[in-house]
Each structure stands twice: as C-alpha cells, then as structure tokens.
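**Student:** build me a structure from this.
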Amino acid sequence: MSGETLFSEDFTGEKPVVKNGLCVICRGTKMLCHKERCPLMIKFYSRSKTMPLTDMKDLAGSSPPAVFVGRYGYPKVDIGPLIPGEFGDTSIMDKPEKWVGKSIDDIVDMRYRLVRGKYRIDARDFRKAGRIVTDVQELALTEKPVSVEANFRERPHGRIVLDDDIQPFGPAARMEGLRKSNGRWEHNLEKNYYDTDLTATKGVIEAYRNGTLISEIQKAFSVGTMGIDKNRRFVPTRWSITAVDDIIGKDYLKRTRFYPVIDTYRVYYWEQLDNRWAILMMPTTWRFELIEAWYPGTSWNPAPPTPDGDNISIISDCEFFDSRTEYAHIGGCYYASRMAVNELLEREHRTAGAVICREAHEGYVMPVGVWNVRENVRAALRTPPLRFGTMEAALDFIESKMDLKREVWIRNSGVLTDWFTQRRLEDYFGASATNLYDDPSELPESGDP
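**Tutor:** Residues are numbered from 1 along each chain as shown. Purely as a prediction, here's the structure:
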C-alpha cells in the first residue's frame with residue numbers, strides 16, 4: 001500500500017526488510033506513516049531495557065514457557081524457545097488470556113523481553129534433528145515457567161515484525177546449544193503426547209473441553225506433540241493459532257447451529273486498545289460475520305486522515321448456515337472471533353445470527369496478535385448484553401456507540417444485507433418456526449432446519 005512502512009523477515013529470517021525509506025527520513029519524529037505514535041519507537045524503548053541481556057552469546061532465564069515455530073522456507077523452518085533474561089514467575093509473558101486490560105506498551109515491553117533462539121529443522125522429519133527438538137517439545141508441554149539456558153552463535157539482534165496473527169517478540173539469534181530444567185507437563189497435553197493413535201483434531205477438542213487454555217493447546221499443536229504418530233510434524237506458530245481456533249469453532253458448530261434460537265436482539269459493547277467492538281446477536285438460524293473498519297493511522301491503514309472522515313478501510317467475511325468453504329480474507333481473526341461466539345452459544349444452548357462490528361482507531365498503532373480479537377470478543381460476551389425487541393432498536397444503539405453509521409455497516413455486510421432483503425421462515429410462521437425440534441439430536445447433520 002502506498003506510503004506504508006512495512007517490516008517482515010527476509011527469506012532467511014535473519015534481518016528486518018524495510019519496504020520503503022519513510023522510517024529513515026522520519027526517524028519517529030515527523031510521523032510520515034500518519035500513525036499517532038511510532039511503532040518502531042515503542043519497540044525501541046522496550047528493547048532498550050533488554051539491551052544488557054543481548055550483549056553476550058549465553059542467556060539464561062525462566063521461560064514462561066514459550067516456543068516459536070517460523071514459517072519461512074517451510075518445511076525447513078526455525079524453531080526454538082523464547083527466553084527472558086530473568087528468573088521467577090514469567091508466565092504472564094506468554095499467556096494472552098490474561099492480557100485483556102493491558103496497554104500496547106505493556107504488551108510490547110513484556111514480549112520484547114523474550115529472546116528467541118533459532119534452530120533449523122525439517123518440520124516433516126523433525127525426529128532426525130536431535131535433542132533440541134525434544135527440549136522444545138517438552139518446553140511447549142510444560143505447565144509452569146522453567147529455567148532455560150541457550151548458547152548462541154552470535155549476540156541476539158533486534159527483530160521488527162508486524163503481524164496481526166502472532167504476538168510481538170524480541171531479539172533473536174541462532175542457537176548452538178540448549179539446556180533446560182525439568183517441569184511438570186500440563187496433564188491434558190501430556191495425555192495427547194503419549195496417545196499416538198489419537199488424531200490431532202480430537203486431541204485439541206479433548207484438551208479444550210478439559211480446561212486447557214487455548215494458548216497452551218496452540219503451542220503443543222505447533223511442536224508435533226499431537227496426532228497419529230506417523231502424521232506428527234511441526235506447524236508454524238502462525239498456522240497453529242488459526243488451526244486450533246478453527247477446530248474448536250467447528251466442533252461447537254456441530255451442536256450450536258441446531259440449538260433453539262435466542263428470543264431477542266442483543267448487543268454486546270466493548271472497548272480495548274482503542275478498538276471498539278459491537279457484537280449484534282439476532283434471533284435467527286446460524287450465520288456469522290466479522291466486519292473490521294480500520295481508521296487512518298492504524299496498523300493496516302496508512303492513509304492520512306481527511307476532514308470529511310474518508311480513507312477508512314473496511315473488510316468483512318461472513319458465512320451462513322452451512323458455513324464457509326474458502327479461507328476467510330480477514331485471516332485468523334475471523335476464526336478466533338467465530339470460536340468465541342460459539343463458546344457463548346454452547347454455554348446457553350442457543351443459536352443465533354452474529355455480526356461483529358469492529359472499529360480500530362488511531363490509538364491502535366501496531367498489531368499485537370490474533371489473541372486481541374479472540375480474548376476481547378470473549379470478554380465482551382461475558383458482559384450483560386443490552387436486549388432489544390427490534391433490529392432497528394439494536395442498530396440505533398450500535399450507531400450511538402460507533403463512529404460509522406448503520407448504512408455503512410449494512411452496505412459492507414453480507415449478513416445484514418441478506419437480513420433486510422431476504423424473507424425468512426419466521427416472517428410467515430413466527431420465531432417458533434426456527435425451533436421445530438426440542439432435541440438438537442433430532443435435527444439433520446447438514447442443511448437448514
């Protein structure tokens with residue numbers, strides 16, 4: 001996109017690649033990227049606190065525990081631990097379930113204190129890579145922080161990676177050796193590790209149902225500790241995050257799409273990290289949509305603000321009763337939010353149509369990971385909703401809280417457009433027409449009831 005300064009790993013993963021020279025000209029003073037604050041400076045100030053930790057080739061500390069699996073060059077990828085230069089309870093550094101309410105500065109500071117060790121393996125034939133692979137796997141399964149020491153070929157150097165699917169992370173270097181203390185494994189993940197006849201999908205679902213945190217499941221999924229033995233492989237962290245959200249969401253949908261519909265319109269409203277969330281739940285059969293409006297000056301919209309409020313980038317993805325078959329353009333955020341909505345519906349044994357309206361405003365100066373969507377939608381859905389008797393009243397409330405007008409949301413929404421243009425069964429027979437079956441097991445496995 002014109003005018004945007006993007007950063008990413010090069011194909012060797014060794015150094016950041018600057019796509020244009022704006023940052024060289026600006027140096028965080030002129031705000032040529034039109035962001036409210038400079039993302040690089042946020043990272044710089046956090047990194048300055050860790051500089052003493054990267055002045056040597058050996059580093060020891062208590063890993064949260066945390067691991068990372070790269071994706072560039074797949075199946076030849078870099079794997080390794082994330083290590084802070086401190087000991088003690090560091091678990092918060094890799095537990096996004098506990099980050100709701102923290103500022104971007106808090107999150108970046110916390111994440112940039114984690115130094116990433118890198119070791120190249122073949123993700124599909126990882127057993128030949130030796131002891132380091134086993135140590136990384138054990139680290140991903142461990143329940144509490146453990147002491148880790150890494151020996152690097154060179155001093156860790158800073159990394160600049162802006163990615164809405166993974167959390168920020170700090171300096172990195174290639175490892176020559178890794179040592180760790182022993183720790184207790186999370187019991188559900190340990191069961192999956194030893195059950196080599198259990199599929200990865202069933203392993204994810206069973207662990208989640210038995211109380212394992214999604215972030216813990218994602219780590220275990222990424223390091224080849226789940227699934228039938230011959231099919232096990234390392235999965236890039238970015239892919240594993242979305243895969244786990246998708247697996248859990250689809251498992252919910254096997255049941256939630258056949259539950260009785262809710263009886264009123266609901267709106268859940270939430271604000272965090274200068275993001276506004278309005279979640280509309282409609283009394284109809286299952287359908288879902290995520291609409292994101294990125295204001296000028298945010299991570300993915302570098303356009304300058306205009307007096308008339310133009311230059312807002314809007315993207316959406318949706319599905320109806322039979323779900324979608326193509327990967328969502330929005331990416332991992334779609335599957336994370338869909339999972340969170342179905343988590344609520346399963347608790348209530350109800351179904352609904354859901355439209356999530358997200359406004360990302362200027363204060364959201366850099367992406368912090370897909371967890372931001374999952375955990376904030378979950379947090380919103382734990383609050384008491386406002387209930388309305390009509391769609392018009394629900395949209396009136398949303399319009400009062402969000403900057404965009406209802407016409408804009410409807411124009412960019414497949415679900416809302418369908419709602420206002422298509423006739424439904426309940427229009428003729430009332431809402432009870434969608435509750436023809438008291439027992440969801442009586443419903444067919446596919447097709448609209």
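
**Student:** quick one: contacts for the spatially closest residue to Pro75 that is not a sequence neighbour?
**Tutor:** Closest residue to Pro75 apart from its sequence neighbours, by C-beta to C-beta, 6 or more residues apart in numbering: Ala123 at 4.3 Å. (Glycine included, C-beta is placed from N, CA and C.) Shown in contact with Ala123 (C-beta atoms under 8 Å, 6 or more residues apart in numbering): Val69, Tyr74, Pro75, Lys76, Val77, Gly224, Arg233, Phe234, Val235, Pro236.

**Student:** restricted to helices, list these.
**Tutor:** Assignment to helices by DSSP state H places none of the contacts of Ala123 there.

**Student:** look up how far Arg406 lies from the closest residue to Gln167 other than its chain neighbours.
**Tutor:** Among residues not flanking Gln167 along the chain, Gly369 sits closest, at 4.0 Å (C-beta to C-beta, 6+ apart). To Arg406, Gly369 is 30 Å away according to C-beta to C-beta, to the nearest Å.

**Student:** again with Arg423
**Tutor:** As for Arg423, its distance to Arg406 is 21 Å (criterion: C-beta to C-beta).

**Student:** now do Tyr252
**Tutor:** Distance from Tyr252 to Arg406, by C-beta to C-beta: 29 Å.

**Student:** same question for Arg184.
**Tutor:** 52 Å.

**Student:** now do Gly80
**Tutor:** Counting by C-beta to C-beta - Gly80 and Arg406 are separated by 48 Å.

**Student:** have a look at these two and say which one is more surrounded.
**Tutor:** Gly80 (27 against 17; other C-beta atoms under 10 Å).

**Student:** so who does the more buried one touch?
**Tutor:** Neighbour list for Gly80: Val67, Phe68, Arg116, Gly117, Lys118, Tyr119, Ile132, Val136, Ala150, Met175, Leu178 [criterion: C-beta under 8 Å, 6+ apart].

**Student:** shouldn't the first one be in contact with Leu82?
**Tutor:** So the one you mean is Val67. Yes. If you go by C-beta atoms under 8 Å, Val67 and Leu82 touch, sitting 6.6 Å apart.

**Student:** grab the nearest non-local neighbour of the residue positioned nearest the centre of the chain.
**Tutor:** Closest to where the C-alpha atoms of the chain average out (C-alpha atoms, centre = their mean) is Val370, at 2.1 Å. Spatial nearest neighbour of Val370, chain neighbours left out: Gly332 (4.1 Å); criterion: C-beta to C-beta, 6+ apart.

**Student:** what does the model give the residue nearest to the centre of the chain for pLDDT?
**Tutor:** The model reports Val370 with a pLDDT of 94.

**Student:** my read: it touches Ala243, true?
**Tutor:** No. Counting by C-beta under 8 Å, Ala243 is not a contact partner of Val370; they are 11.7 Å apart.

**Student:** which residues does Asp195 contact?
**Tutor:** Going by C-beta under 8 Å, 6+ apart, Asp195 touches Gly203.

**Student:** roughly how far does it sit from Asp229?
**Tutor:** Following C-beta to C-beta, the distance that separates Asp195 from Asp229 is 10 Å.

**Student:** and the residue nearest to Ala60 when sequence neighbours are not counted, how far from Lys102?
**Tutor:** Closest residue to Ala60 apart from its sequence neighbours, by C-beta to C-beta, 6+ apart: Glu149 at 4.1 Å. Separation of Glu149 from Lys102 (C-beta to C-beta) stands at 29 Å.

**Student:** and what of Leu280?
**Tutor:** Per C-beta to C-beta, Leu280 is found 27 Å from Lys102.

**Student:** who has more neighbours out of the two?
**Tutor:** Neighbour count, other C-beta under 10 Å: between Leu280 and Lys102, Leu280 has more, with 26 against 17.

**Student:** check the gap between the more buried one and Phe388 for me.
**Tutor:** From Leu280 over to Phe388 (counting by C-beta to C-beta), the distance is 10 Å.

**Student:** mind listing the shared neighbours of those two?
**Tutor:** Tyr265, Arg266, Val267, Ala394.
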